[in-house]
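A.B. asks: how would this look folded up:
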Amino acid sequence: MNRQVKQVLGLSVFAAGCMALGMGLSHGWQVAAQEEKPVVVDAKGLDRLPPITEVAEKLNPTVVSITNTSFVKNRRGGFEHPQVGGQDFFDFFFGPGGPQQRRTPRGGEDEQRAVSGGSGVIISPSGEILTNYHVIASMGGGDNALEVKTSDGKSYKATVLGKDKELDIALIKIDAAHMPHAKLGDSDSLRIGEWVVAIGNPLGLEHTVTQGIISAKGRKLDTGVSSFLQTDAAINRGNSGGPLLNLRGEVVGINTAINPAGQNIGFAVPISQVNRILKDLRSGKPVSRGYLGIGPAELDQAYQDALGVKAGVVVSTVEKGQAADKAGVQRLDVITALDGQPVKSPDEVVAVVSSRRAGDTLKLTIFRDGKTLNLTATLGDRKDLEAQRRREAGEEPEEEPAKKPQGDQKSLNLEKTYGFTVEPMDAKNRLKGVVVTAVDPRSPAAERGLAPGMVITEVGRQPVNNLTEFSAQVKKAGGRTLLLYIQSPNGSQKITMPVPPR
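C.D. replies: Coordinates of the predicted model:
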């Protein structure tokens, strides 16, 4: 009898445990469902549509197609376009419906009619539309006309309110009222992996909706000052200027570029960057963009060893008279933070500075000679970007290579330690420093690009005007990594010179 009681009690306990476990699991599932609400469909039933469907339905009316027709006149004297592969020149490269040419009967003068297209998103009830600069730019520098077609099939002539080539953004306007319009969101708060929706007119297919995720943030392309959002939402030719939307239907980016070498790799200008210049675009004035006046460089291992700091961005050049120079920034300073936010790459520095307006103040945290300094710069205006690009690309006017000294003068042979030899400069040469006369092709010096004829003007932070000063700085380095500042016919550059392993 006792045995039967024990069996009954055991089964009762087991059943109670199962019920408790079931309730616990059920409760666990409910918690999981609640936690997933922000990132999945809050479906109370199968009749509820998923968020992407809602985004498409509600935001499609805010997306427009833009047709850009340019007219360029050229005197060609009866020139006919060559045939390429049995096709007309323009048809071969652009396809039917691409840029077209029409001839006028006026004595050898051709009028080319080039037609291109893109997308845009309405951002105000009065008909303001954001798009890409390259969508509305005139091809060939002639006159152009913009036509906007809305989702209800209506067509409008559009005028340009403002444009910014560097960010590849333009603001245009149609003469309309009470237009459906999208809300601008916050791209800074986007997270990697967050769902996004792209709407546009790829390849002339109007109001195409694609979805994907944010694949990366802060991507730097060689197209200007913007750092881009990367997405795998399908973006094709014709999507340019269309919106990238989050699941709340807010614009988080303006689709602008694709990588033709890969699939599912598209880029969008972050809307937070657009927001910062929207006032300038609406006013029609040139965009005010801050300028610090430095050349930022990667803090590689050689720099870390030479400067004694593990994170930040090296100041490789400082432009005299610009904001950084006035604030006290020196070459070979390491910027560790801007306005209290750590920076780890030159692109981050460029992005922060470019997001500010001329006249704004910027706080810089600097590491110099083992000490942390706090400096404040008042940003200048970024007026001479093209000249800056030429300097960064080393496209300065070429100078004559440095002449070797005349006569039997001393030299300093560092081939055993660093792999190169230097001699004093010719007294008649306007440059001050020492000239490189020999480089061991198997040495770190050769690997770093040091070559005969280059002039070393500084070691570390110290200018070297002659062989004696150069020798003193090398001795001071004590066999550690040398940080050299070089002048050559291709411009100035820095070279870190590690000691070769023994």
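
A.B. asks: Give me the spatial nearest neighbour of D360, chain neighbours excluded.
C.D. replies: L379 (5.2 Å; C-beta to C-beta, 6 or more residues apart in numbering). (C-beta placed from N, C-alpha, C; glycine too.)

A.B. asks: Next: T210.
C.D. replies: T210's closest residue in space is A234 (C-beta to C-beta, 6+ apart), at 4.0 Å.

A.B. asks: In terms of helix, strand or coil, where does the one you found fall?
C.D. replies: coil (DSSP: H, G, I helix; E, B strand; the rest coil).

A.B. asks: And for V352?
C.D. replies: Applying three-state DSSP: V352 is helix.

A.B. asks: That one contacts D339, correct?
C.D. replies: Yes - counting by C-beta atoms under 8 Å, V352 touches D339, with 7.4 Å between them.

A.B. asks: Which of the two has more residues huddled nearby?
C.D. replies: The neighbour comparison of V352 against D339 (other C-beta atoms under 10 Å) goes to V352, with 19 against 13.

A.B. asks: Pull up the gap between that one and S345, please.
C.D. replies: 11 Å (C-beta to C-beta, to the nearest Å).

A.B. asks: what residues does stretch 298-318 touch?
C.D. replies: Here stretch 298-318 makes contact (C-beta atoms under 8 Å, 6 or more residues apart in numbering) with 293-297, 324-325, 329-336, 342-346, 348-349, 367, 370, 460, 480-483, 492, 494, 496-498.

A.B. asks: My read is that the residue nearest to D360 contacts Y291, right?
C.D. replies: Yes - using C-beta under 8 Å, L379 is in contact with Y291, at 6.0 Å.

A.B. asks: any shared contact partners between these two?
C.D. replies: Shared contacts of L379 and Y291, counting by C-beta under 8 Å, 6+ apart, come down to 323, 353, 358.

A.B. asks: List phi and psi for the residue nearest to the second one when sequence neighbours are not counted.
C.D. replies: Yep, that's V353 we're talking about. Closest residue in space to V353, ignoring its immediate chain neighbours: L292 at 4.8 Å, by C-beta to C-beta, 6+ apart. Main-chain dihedrals, L292, degrees, to the nearest 10: phi -90, psi -30.

A.B. asks: what's the answer for the one 10 residues further on, then?
C.D. replies: The phi and psi torsions at A302 (degrees, to the nearest 10) take the values phi -60, psi -40.

A.B. asks: of L379 and Y291, who's got more company?
C.D. replies: Ranked by neighbour count (other C-beta under 10 Å), L379 and Y291 place L379 first, with 24 against 21.

A.B. asks: Please tell me how far the more buried one sits from V353.
C.D. replies: From L379 to V353 the distance is 7 Å (C-beta to C-beta).

A.B. asks: who touches both of the two?
C.D. replies: 290-292, 362.

A.B. asks: out of those, which are inside helices?
C.D. replies: For these, not one is inside helices, with DSSP state H as the criterion.

A.B. asks: Find the pair from the residues you listed with maximum spatial separation.
C.D. replies: Y291 and L362 (10.6 Å; C-beta to C-beta).

A.B. asks: can you list residues touching both of those two?
C.D. replies: 323, 353, 379.

A.B. asks: which residues does the second one contact?
C.D. replies: Right, the one you point to is V353. Applying C-beta under 8 Å, 6+ apart, the residues contacting V353 are 290-292, 338, 362, 379.

A.B. asks: Let me know the pLDDT of it.
C.D. replies: Per-residue confidence at V353 stands at 89 (pLDDT).

A.B. asks: where in the stretch 1-150 of the chain is pLDDT low?
C.D. replies: 1-50, 72-113, 139-143 (pLDDT under 70).

A.B. asks: try 90 this time
C.D. replies: 1-54, 69-117, 134, 137-145 (pLDDT under 90).

A.B. asks: what do you get for the stretch 151-300 of the chain?
C.D. replies: 165-167, 201-207, 218-228, 233-240, 256-266, 276, 284-291, 293-300.

A.B. asks: If we use 70, what do you get?
C.D. replies: 222-226, 259-262.

A.B. asks: Quick one: the helices in it, in order.
C.D. replies: Taking DSSP state H, counting those that start in this stretch as the criterion, the stretch 151-300 of the chain carries its helices at 271-283.

A.B. asks: Equivalent analysis for the stretch 401-502 of the chain, please.
C.D. replies: Under DSSP H, counting those that start in this stretch, the stretch 401-502 of the chain gives helices at 444-447, 467-477.

A.B. asks: Deepest in the core, which of those is it.
C.D. replies: helix 444-447 (a mean of 19; mean count of other C-beta atoms under 10 Å).

A.B. asks: How far off centre is that helix?
C.D. replies: Relative to its chain's centre, helix 444-447 lies at 31 Å (C-alpha atoms, centre = their mean, to the nearest Å).

A.B. asks: Quick one: mean pLDDT for it?
C.D. replies: 78.

A.B. asks: Give me the number of neighbouring residues for T317.
C.D. replies: Neighbours of T317 using other C-beta under 10 Å come to 18.

A.B. asks: The helix or strand it falls within pairs with which strands?
C.D. replies: Element membership for T317, per DSSP states H and E: strand 313-318. Using DSSP bridges, strand 313-318 pairs in its sheet with strand 294-298 (antiparallel), strand 334-338 (antiparallel).

A.B. asks: one step back: could you single out the nearest of the shared contacts of Y291 and L362 to G242?
C.D. replies: V353 (28.5 Å).

A.B. asks: pLDDT at D333, what is it?
C.D. replies: For D333, pLDDT reads 90.

A.B. asks: what's around the closest residue to P202 other than its chain neighbours, how many residues?
C.D. replies: Distances taken as C-beta to C-beta, 6+ apart put N236 closest to P202, at 3.6 Å, once the chain neighbours are dropped. Close neighbours of N236, defined as other C-beta under 10 Å, add up to 18.

A.B. asks: measure N236 to G200 for me?
C.D. replies: 8 Å.

A.B. asks: A170 too?
C.D. replies: 15 Å.

A.B. asks: What residues does I265 make contact with?
C.D. replies: 215, 230, 232, 258-259.

A.B. asks: which of the strands paired with strand 313-318 is buried the deepest?
C.D. replies: strand 334-338 (a mean of 22).

A.B. asks: So what's the gap between the helix or strand just after that one and the chain middle?
C.D. replies: Per DSSP H and E, the first helix or strand lying C-terminal to strand 334-338 is strand 341-342. Put simply, strand 341-342 sits 18 Å off its chain's centre (C-alpha atoms, centre = their mean).

A.B. asks: Could you list the paired strands of strand 341-342 along with their orientation?
C.D. replies: For strand 341-342, using DSSP bridges, the partner strands are strand 334-338 (antiparallel).
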